[in-house]
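Engineer: predicted model follows, preceded by the sequence.
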Amino acid sequence: MTLLGDMEPAEAESVYFNEYPPPKSLPKHEALARAFIDLHVEDKRRVVLVTSGGTTVPLEAQTVRFIDNFSAGTRGATSAEYFLQQGYAVIFLHRQYSLLPYSRHYSHSTNCFLDFMDEASPSADSPNQNHGPIQVRSEYQDEMRDVLRKYRYAKQNNRLLLLPFTTVAEYMFELRAMAKLMRPLGPNALFYLAAAVSDFFIPRSRMAEHKIQSSELPANLDNSSAIGSQEIYTGENEVQPPKSQKKLVVNLDPVPKFLHRLVDGWAPDGSMVVSFKLETDPSLLVYKARTALQRYSHHLVIGNLLSTRKWEVVFITPDPPHERWIRVPKARRSKSISGVEDQVGLAEIQKGGQQQPQPQE
Ligand code: PMT
């Protein structure tokens with residue numbers, strides 16, 4: 001049997017997308033994105049698709065357990081704010097409940113959002129003299145006003161569209177649909193792929209329908225579907241029908257690298273594609289990022305290591321200087337919530353890629 005990873009990209013696309021029904025929310029997301037894109041095409045505004053957060057790989061169709069990819073969404077949410085500041089409209093395709101632009105300053109942080117609030121003293125003319133109004137603590141006022149104004153501006157001017165995904169299959173369906181919808185934007189489209197995308201998955205045809213059982217079930221129980229799924233999980237060539245599944249062996253297939261299809265097929269002509277490369281072994285990072293750039297022929301790979309991703313990234317480009325490191329000096333690290341983006345901003349990303357269109361506004 002040919003694995004998806006060994007097929008030609010177009011064939012792998014058709015096989016992979018035939019494995020799954022499209023996500024239920026896709027038609028609604030497409031309608032929202034179409035209206036959003038039409039608006040910005042008319043205004044000749046640049047639109048960036050930012051992908052953010054990790055994708056899951058469910059182990060069961062009625063999912064109780066899943067494998068996850070590391071990502072809090074900091075990179076994507078922070079970068080989206082910088083794109084908005086530069087006049088882009090942003091389609092933010094993100095893992096549900098991961099960090100979002102603007103609200104990221106007050107969620108998932110070391111402080112609970114309630115730590116930013118206080119109850120003011122009741123005033124003499126308060127209707128209820130026991131309750132003062134809730135307000136933002138004085139030390140956070142300036143920063144929060146600034147964030148609030150930017151957030152309101154983005155919302156009121158239709159600059160930010162939030163679209164959630166959870167599984168790797170949902171992510172792929174959404175990515176393909178958004179890229180195709182962005183075609184009318186031509187060179188005003190930018191793809192900024194910061195999501196942590198799973199490289200492995202369980203094809204729908206081999207997936208257990210129900211929760212995989214770990215303890216023995218009574219022999220008289222009709223649980224044929226659960227037992228069947230356990231046989232599959234023991235490995236393709238060793239069919240042992242265990243009644244008790246103490247050891248779970250998960251057999252994953254490679255997810256095709258859809259960057260190929262994005263660059264060669266889905267994305268509009270003249271658009272710019274920026275991908276990220278995450279590694280943990282420093283000796284592999286530049287090699288893997290270069291290989292990705294050569295393989296997919298896009299514009300920029302931003303490499304980062306898990307342990308230092310907030311303080312240093314490397315830009316790998318087809319043109320000189322080919323490799324450029326951006327580092328946040330040690331003294332400035334503690335002041336920044338999100339690291340590199342807060343320190344160097346979008347200008348560096350724009351300099352990194354060669355084909356960035358000029359602002360239209
Ligand atoms: O969110 P944070 O906590 O701030 O973390 C940010 C980050 C570390 C997740 C981010 O900076 C990052 O590196 N994201 C990319 C992680 C990743 O998926 O790396 P990869 O080496 O598996 O994939 C490289 C590229 O191939 C990605 O751009 C991805 O879109 C693409 N890919 C990956 C898998 C796959 N099956 N198909 C793909 O097209």
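Structural biologist: Done, it's in. On a predicted model such as this, the values are computed, not experimentally measured, just so you know.
Engineer: the strands in the stretch 151-300 of the chain, which residues?
Structural biologist: 160-165, 189-193, 200-201, 253-254, 272-279, 300-305 (DSSP state E, counting those that start in this stretch).
Engineer: as JSON lines, these with mean pLDDT would be great.
Structural biologist: Below are the strands of the stretch 151-300 of the chain laid out as JSON lines (pLDDT from 0 to 100):
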{"stretch": "strand 160-165", "mean pLDDT": "98"}
{"stretch": "strand 189-193", "mean pLDDT": "98"}
{"stretch": "strand 200-201", "mean pLDDT": "94"}
{"stretch": "strand 253-254", "mean pLDDT": "92"}
{"stretch": "strand 272-279", "mean pLDDT": "98"}
{"stretch": "strand 300-305", "mean pLDDT": "98"}
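Engineer: would TSV of these with distance to the ligand and mean neighbour count be doable?
Structural biologist: Yep, even glycine has a C-beta here, placed from its N, CA and C like the rest. As requested, the strands of the stretch 151-300 of the chain are arranged in TSV below (distance: least, C-beta to the nearest ligand atom, whole Å; neighbours: other C-beta atoms under 10 Å):
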stretch	distance to the ligand	mean neighbour count
strand 160-165	13	20
strand 189-193	4	26
strand 200-201	8	20
strand 253-254	8	15
strand 272-279	3	22
strand 300-305	5	24
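Engineer: and residue 80, which helix or strand is it part of?
Structural biologist: Using DSSP states H and E, residue 80 sits in helix 74-85.
Engineer: count of residues packed around residue 167?
Structural biologist: 19 (other C-beta atoms under 10 Å).
Engineer: who touches it in this structure?
Structural biologist: 55-58, 66 (C-beta atoms under 8 Å, 6 or more residues apart in numbering).
Engineer: which among these gets closest to residue 197?
Structural biologist: residue 55 (5.4 Å; C-beta to C-beta).
Engineer: now that closest one: how far from residue 134?
Structural biologist: 37 Å (C-beta to C-beta, to the nearest Å).
Engineer: who has more neighbours, the two?
Structural biologist: residue 55 (26 against 10).
Engineer: follow-up on the earlier one: just how off-centre is the helix holding residue 80 within its chain?
Structural biologist: Centroid separation for helix 74-85 versus its chain: 12 Å, with C-alpha atoms, centre = their mean, to the nearest Å.
Engineer: the next helix or strand after that helix close to the ligand?
Structural biologist: Downstream of helix 74-85, the next assigned helix or strand under DSSP H and E is strand 89-95. No. No part of strand 89-95 sits near the ligand under the criterion C-beta under 6 Å from any ligand atom; the closest distance found is 8.9 Å.
Engineer: neighbouring strands of whatever helix or strand comes next after strand 89-95 in the sheet, and parallel or not?
Structural biologist: Counting by DSSP H and E, the next helix or strand C-terminal to strand 89-95 is strand 117-119. Neighbouring strands of strand 117-119 in its sheet, by DSSP bridges, are strand 134-136 (antiparallel).
Engineer: who touches the partner strand?
Structural biologist: Taking C-beta under 8 Å, 6+ apart as the rule, strand 134-136 contacts 116-120, 144.
Engineer: repeat that for stretch 251-267.
Structural biologist: Outside stretch 251-267, the residues touching it (C-beta under 8 Å, 6+ apart) are 3-5, 7, 9-10, 12-13, 16, 57, 168, 172, 175-176, 179-180, 182-183, 189, 191, 193, 197-203, 206, 232-233, 235-236, 273, 275, 292, 295-298.
Engineer: if any of these are buried, give me the ChimeraX selection for them.
Structural biologist: Here is the ChimeraX command that selects the buried residues among those (16 or more other C-beta atoms under 10 Å):
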select :4,9,12,13,16,57,168,172,175,176,179,182,189,191,193,197,198,201,202,232,233,273,275,292,296,298
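Engineer: helices - which of the contacts of stretch 251-267 land there?
Structural biologist: Among the contacts of stretch 251-267, the members falling in helices (DSSP state H) are 9-10, 12-13, 16, 168, 172, 175-176, 179-180, 232-233, 292, 295-296.
Engineer: output the contacts of residue 167 as JSON lines; include the columns distance to residue 84 and pLDDT.
Structural biologist: Compiled in JSON lines, these are given as follows (distance: C-beta to C-beta, whole Å; pLDDT from 0 to 100):
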{"residue": "55", "distance to residue 84": "24", "pLDDT": "98"}
{"residue": "56", "distance to residue 84": "27", "pLDDT": "98"}
{"residue": "57", "distance to residue 84": "31", "pLDDT": "97"}
{"residue": "58", "distance to residue 84": "33", "pLDDT": "95"}
{"residue": "66", "distance to residue 84": "31", "pLDDT": "95"}
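Engineer: ok, the residues you listed vs the ligand, which is closest?
Structural biologist: residue 55 (8.3 Å; C-beta to the nearest ligand atom).
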